[in-house]
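J.: sequence? don't have it. structure:
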């Protein structure tokens with residue numbers, strides 16, 4: 001039974017519906033094994049992966065068991081999707097495992113529609129937080145997660161998945177930042193100030209991995225050395241600036257978790 005007041009759920013659902021309309025998309029759970037197959041194939045296409053990232057039969061089983069599996073459609077064409085599952089009951093947290101949108105549709109705000117749909121879905125089930133990982137070098141994802149959604153990095157996970165060998169990650173270590181999104185908090189992140197520690201990231205790491213792989217690797221180590229010890233010590237990432245990178249408050253070590 002949901003423990004969230006109906007008014008909160010209604011507001012979250014309204015936010016999700018508004019975002020879906022603004023993106024010109026329809027978001028819904030796949031209905032047939034064919035649609036689960038299509039979502040599995042789409043995720044492979046988005047990542048340029050040499051093998052399935054998650055199998056369709058597993059997604060169907062997860063959906064049947066009450067986990068989150070949603071696809072985004074534009075004009076009847078599947079263009080993105082998101083898959084998540086529950087953490088331990090005491091955590092009241094949904095773990096969002098994978099989400100993606102066709103590269104040619106980035107900027108249409110379909111990703112935002114997916115996250116707000118996921119937020120409404122979670123709140124309707126009494127879940128008050130969502131966690132997921134992302135590559136800390138991808139500036140647009142850091143900005144989206146931290147500034148647009150208000151999620152907060154809570155841990156740095158070096159080489160989390162091991163070698164991935166897809167077109168997005170290449171041969172680089174798969175370092176990830178774990179973020180936690182308080183679903184009852186504001187949708188917009190904190191504004192940055194000038195009196196903060198910063199950890200810069202390159203403007204386009206994906207291009208750099210193709211054109212200058214050695215420099216891309218140097219950025220991986222630079223950001224790891226800058227961000228990992230700060231998060232481990234309890235520093236709080238309070239924002240992300242497109243020019244300066246991560247904005248970090250270091251005078252509250254140990255207070256954020």
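T.: Thanks, I have the structure now. Just so it is clear, the model here is predicted, and its values are computed rather than measured.
J.: how much space between residue 202 and residue 166?
T.: Separation of residue 202 from residue 166 (CB to CB, to the nearest Å): 19 Å. C-beta coordinates here come from the backbone N, C-alpha and C atoms, glycine included.
J.: so for these two, which residue has more residues nearby?
T.: Each of residue 202 and residue 166 has its neighbours counted (other CB atoms under 10 Å); residue 202 has more, 20 against 16.
J.: next one: phi and psi at that one?
T.: Residue 202 adopts backbone torsions of phi -70, psi 150, taken as degrees, to the nearest 10.
J.: just checking, it touches residue 137?
T.: Yes. Counting by CB atoms under 8 Å, residue 137 is a contact partner of residue 202 at 6.7 Å.
J.: shared neighbours, those two?
T.: 216, 219 (CB atoms under 8 Å, 6 or more residues apart in numbering).
J.: quick one: the strands in the stretch 51-200 of the chain?
T.: Counting by DSSP state E, counting those that start in this stretch, the stretch 51-200 of the chain has strands at residues 68-74, 77-86, 93-101, 129-134, 152-157, 176-182, 197-199.
J.: which elements pack onto the last one?
T.: Just to be clear, that refers to strand 197-199. Using 3 or more CB pairs under 8 Å, 6 or more residues apart in numbering; DSSP states H and E, the elements in contact with strand 197-199 are helix 213-232, strand 245-249.
J.: average pLDDT for the first one?
T.: This means helix 213-232. For helix 213-232, mean pLDDT rounds to 95.
J.: with the last one instead?
T.: Strand 245-249 shows a mean pLDDT of 96 in the predicted model.
J.: tell me the domain boundaries of the protein?
T.: Taking automatic domain parsing as the reference, the chain has its domains at 1-127, 131-257.
J.: hang on, the earlier thing: would you turn the strands of the stretch 51-200 of the chain into a markdown table with mean neighbour count, distance to residue 229 and mean pLDDT?
T.: Output for the strands of the stretch 51-200 of the chain, formatted as a markdown table (neighbours: other CB atoms under 10 Å; distance: least, CB to CB, whole Å; pLDDT from 0 to 100):
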| stretch | mean neighbour count | distance to residue 229 | mean pLDDT |
| --- | --- | --- | --- |
| strand 68-74 | 22 | 33 | 96 |
| strand 77-86 | 21 | 29 | 95 |
| strand 93-101 | 21 | 25 | 94 |
| strand 129-134 | 20 | 19 | 97 |
| strand 152-157 | 19 | 8 | 97 |
| strand 176-182 | 20 | 14 | 96 |
| strand 197-199 | 17 | 10 | 96 |
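J.: any chance of those strands in TSV, with distance to residue 231 too?
T.: Output for those, formatted as TSV (distance: least, CB to CB, whole Å):
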stretch	distance to residue 231
strand 68-74	26
strand 77-86	23
strand 93-101	18
strand 129-134	13
strand 152-157	5
strand 176-182	8
strand 197-199	10
